[in-house]
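**Q** need coordinates for the below:
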Amino acid sequence: MKAFFAILAAATLSLGAAPPNIVILYADDLGYGDLGCYNPKSKIPTPHLDKLAATGLRFTDGHSSSGICTPSRYALLTGRHHWRDFHGIVQALGSSVFKDDQLTLPEMLQQKGYTTACIGKWHLGWDWDAIRRPGTPPKSIQPGDFDWSKPVPDGPLAHGFDHYFGDTVINFPPYAWIEDDKLVRAPDSVITGKFEEPTKEGNWEARPGPALSDWDFYQVLPTLTGKSVEWVRSRQGKDQPFFLYVPFPSPHAPIIPNDEFDGKSDAGPYGDFVYQTDHACGEILKALEESGHAGNTIVVFTADNGPEAYAYARDEKYDHWSSTPLRGLKRDIYEGGHHVPFLIRWPGLTEPGSVSGALISQVDLMATLAAALGGEIPDGQAIDSFNFLPYLKGETDAGPRTRMVHNTKKDHYAFRDGDWLLIDAKTGYLRPAPKAWNEKHGQPADDGTPAELYNLKEDIGQRHNLAKKHPERVEAMQAMLRKVREGRYPGL
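**A** Down below sits the predicted model:
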């Protein structure tokens, strides 16, 4: 069967066949163990993503570049690890993280004749100062301080997208819809970050700033879903290949599933929000089918990082550990911070229901897609991206990647080498796990070593630190990590 798909793939990628459409569905703060296809004991039904896995390839060792939002998105769209350039997120009304001469995935696809669209959470910055009225205080967040009629530069349209629709970040201002590079309606009030009504789980986490007076957070996910479906349907009957990037705002806080999804899971409101996110994916996948595009569309589903810290209370209350079987959460360099769901359905290339244990990063998508389209990435661009096409075509038995750097905050790194994982710090946590969680999951107390070493093949939950047992391996991996960080080994 694998040979058949390899032959079919070769035919598809040659002889002038129509270039495949590409859709990337990108969840926000989703755990490896939230999806049923990764965790049979998950208390959250995810039928549409389970079906995607059943009709495509499920990677079990897939990773985001970072344990937080902006850096992972940057790495996905550039093929370059964030830690080479920065570590933190773009703050409210912050500027773009892209360099002027940086090639992005959508720009590369535009050069290959694709039309490109981003619908959802951007969180990579804009030049908001360009529309700030002269003489206003630089930190002021009053709506009258901005000329909302002007286009906002240096957003998605400046970095390869022909079309954008979204609210840039669900819990950051401006709380208003943006279409392409202009606000649909001008903000007329300010959200202070204080709300009379609580969210269904966790906190609002909304930064203060300009807003529409009738802004409804609960309409963000359904609106983005509808716009994505509408855009897919608009491509029906058109020959030009397309790239659609859908970075969802969910299940990131505020955890606000629509009422119709309440109780759909056994994992509380977060579980219901994951269920709604799965439903949104299902609507987009259905639109691909109904518009006749599914047979020639590569679909990727993954997430920017692991689940938020609310997962500890959720595990205690509902007995659902979102990171199952991993240790750690969002921000951590333990596996749970960056080891995420990673599904690919590539018609004619991925065998339905196949599973791969190959080590893969989201940065690898750029080189893989470039190779599939017969293009070469210019020197100095996408330097960390590995080409997985020969592996996907069955030409090699193993993936091209054996090493990877994991990082969230400055000077806090982990390094993967085969089955071995080095935590080059006293701990992989940003914040320690609660004592009750450690006891429930059999996590031993920290042994105080300056670094930690795990064999993930034998200990995927990172319970047994082997640093004292293998000091020579620790030293060798630390030396390699130093060389990588110094730039002597690009592509890791």
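
**Q** okay, buried residues for the helix ranked longest in the chain please.
**A** Selection of the longest helix in the chain by residue count, based on DSSP state H, yields helix 268-290. Residues 268-282, 284-285, 287-288 are the ones in helix 268-290 that count as buried (16 or more other CB atoms under 10 Å). Glycine gets a C-beta too; all of them are placed from N, C-alpha and C.

**Q** helices and strands around that helix, which ones?
**A** Applying 3 or more CB pairs under 8 Å, 6 or more residues apart in numbering; DSSP states H and E, we find helix 268-290 packed against strand 21-27, helix 47-54, helix 220-234, strand 297-303, helix 310-318.

**Q** where in the stretch 101-250 of the chain is pLDDT low?
**A** By pLDDT under 70, the stretch 101-250 of the chain has no low-scoring segment.

**Q** and the helices in it?
**A** 105-111, 220-234 (DSSP state H, counting those that start in this stretch).

**Q** how far off centre is the shortest one?
**A** Translated: helix 105-111. Distance of helix 105-111 from the chain centroid (CA atoms, centre = their mean, to the nearest Å) equals 19 Å.

**Q** and that helix, what other elements does it pack with?
**A** helix 69-78, strand 115-121, strand 242-247, helix 364-372.

**Q** the longest one vs strand 21-27, what angle?
**A** Using axes from the mean of the first three to the mean of the last three CA atoms, to 10 degrees, the inter-axis angle of helix 69-78 relative to strand 21-27 is 170 degrees.

**Q** which strands and helices lie in contact with helix 69-78?
**A** strand 21-27, helix 105-111, helix 364-372.

**Q** for the second one, buried residues please.
**A** Within helix 105-111, the residues that qualify as buried by neighbour count (16+ other CB under 10 Å) are 105-110.

**Q** the first one too?
**A** By neighbour count, with 16+ other CB under 10 Å as the criterion, the buried positions of strand 21-27 are 21-27.

**Q** what strands line up against it, and which way round?
**A** strand 242-247 (parallel), strand 297-303 (parallel) (DSSP bridges).

**Q** who touches the first one?
**A** Spelled out, that is strand 242-247. Under the contact criterion CB atoms under 8 Å, 6 or more residues apart in numbering, strand 242-247 has outside partners 21-26, 28, 73, 77, 105-106, 109, 114-123, 161, 224, 228, 231-232, 235, 284, 304.

**Q** need the helices and strands packed on helix 268-290 in TSV with distance to residue 454, can you?
**A** As requested, those are exported to TSV (distance: least, CB to CB, whole Å):
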stretch	distance to residue 454
strand 21-27	26
helix 47-54	27
helix 220-234	36
strand 297-303	22
helix 310-318	21
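
**Q** thinking again about what came up before, quick one: closest of the helices of the stretch 101-250 of the chain to residue 406.
**A** helix 105-111 (21.4 Å; CB to CB).

**Q** nearest to residue 461, of the helices and strands packed on helix 69-78?
**A** Short answer: strand 21-27, nearest of the helices and strands packed on helix 69-78 by CB to CB, at 22.5 Å.

**Q** tilt between the closest one and helix 220-234?
**A** Using the same axes, to 10 degrees, strand 21-27 lies at 170 degrees relative to helix 220-234.

**Q** can I get strand 21-27 in CSV? Just the C-alpha atoms.
**A** Provided in CSV are the C-alpha atoms of strand 21-27 (Å, rounded to 0.1, in the frame of the first residue of the first chain):
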residue,chain,number,x,y,z
ASN,A,21,-4.3,23.7,-2.4
ILE,A,22,-3.0,24.1,1.2
VAL,A,23,-5.0,24.6,4.4
ILE,A,24,-3.4,25.0,7.8
LEU,A,25,-5.7,24.8,10.8
TYR,A,26,-3.9,26.1,13.9
ALA,A,27,-5.4,25.7,17.3
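
**Q** contacts for it?
**A** 73, 76, 109, 114, 120, 232, 235, 241-248, 250-251, 277, 281, 284, 288, 293, 296-304, 341, 365, 369.

**Q** quick one: which of the helices and strands packed on helix 268-290 is nearest residue 180?
**A** Residue 180 lies closest, by CB to CB, to one member of these: helix 220-234, at 12.4 Å.

**Q** and the residue nearest to residue 120 when sequence neighbours are not counted, how many residues sit next to it?
**A** Excluding the flanking residues, the one nearest residue 120 by CB to CB, 6 or more residues apart in numbering is residue 247, at 4.1 Å. Using other CB atoms under 10 Å, residue 247 has 25 neighbouring residues.

**Q** give the contact list for the spatially most central residue of the chain.
**A** In the chain, the residue lying closest to the centroid (CA atoms, centre = their mean) is residue 304, at 2.5 Å. Residue 304 makes contact with 26-29, 64, 66, 68-69, 72-73, 76, 247, 340, according to CB under 8 Å, 6+ apart.

**Q** run the last query once more with 6 Å
**A** 28, 64, 69, 72 (CB atoms under 6 Å, 6 or more residues apart in numbering).

**Q** now the first one: closest residue in space, sequence neighbours ignored.
**A** Nearest in space to residue 28, with sequence neighbours left out and distances taken as CB to CB, 6+ apart, is residue 252 at 3.9 Å.

**Q** can you pull the pLDDT of that neighbour?
**A** Model confidence at residue 252, given as pLDDT, is 98.

**Q** can you say which of the helices and strands packed on helix 69-78 is nearest to residue 87?
**A** Across the helices and strands packed on helix 69-78, closest to residue 87 is strand 21-27 (CB to CB), at 19.9 Å.

**Q** could you give the average pLDDT over the closest one?
**A** 98.

**Q** ok, residue 251 touching residue 274?
**A** Yes - between residue 251 and residue 274 a contact is recorded at 5.0 Å, counting by CB atoms under 6 Å.

**Q** what about the nearest residue to residue 131 once chain neighbours are set aside, how many residues nearby?
**A** Spatial nearest neighbour of residue 131, chain neighbours left out: residue 150 (4.6 Å); criterion: CB to CB, 6+ apart. Using other CB under 10 Å, the number of residues around residue 150 comes to 14.

**Q** residue 35 now?
**A** 25.

**Q** that one and residue 341 touch, don't they?
**A** Yes - using CB under 6 Å, residue 35 is in contact with residue 341, at 5.4 Å.

**Q** what about the most far-flung residue of the chain relative to its centre, distance to residue 22?
**A** Most distant residue from the mean C-alpha position of the chain: residue 135, 38.3 Å away (CA atoms, centre = their mean). Plainly put, residue 135 is 45 Å away from residue 22 if you go by CB to CB, to the nearest Å.

**Q** thinking again about what came up before, closest one to residue 437 among the helices and strands packed on helix 268-290?
**A** helix 310-318 (5.5 Å).

**Q** what packs against the closest one?
**A** If you count contacts as 3 or more CB pairs under 6 Å, 6 or more residues apart in numbering; DSSP states H and E, helix 310-318 packs onto helix 268-290.

**Q** how about the contacts made by residue 172?
**A** 92, 207.

**Q** if we can go back for a sec, so which of the helices and strands packed on helix 105-111 is the most surrounded?
**A** With neighbours taken as mean count of other CB atoms under 10 Å, the helices and strands packed on helix 105-111 reach their highest mean count in helix 69-78, at a mean of 27.
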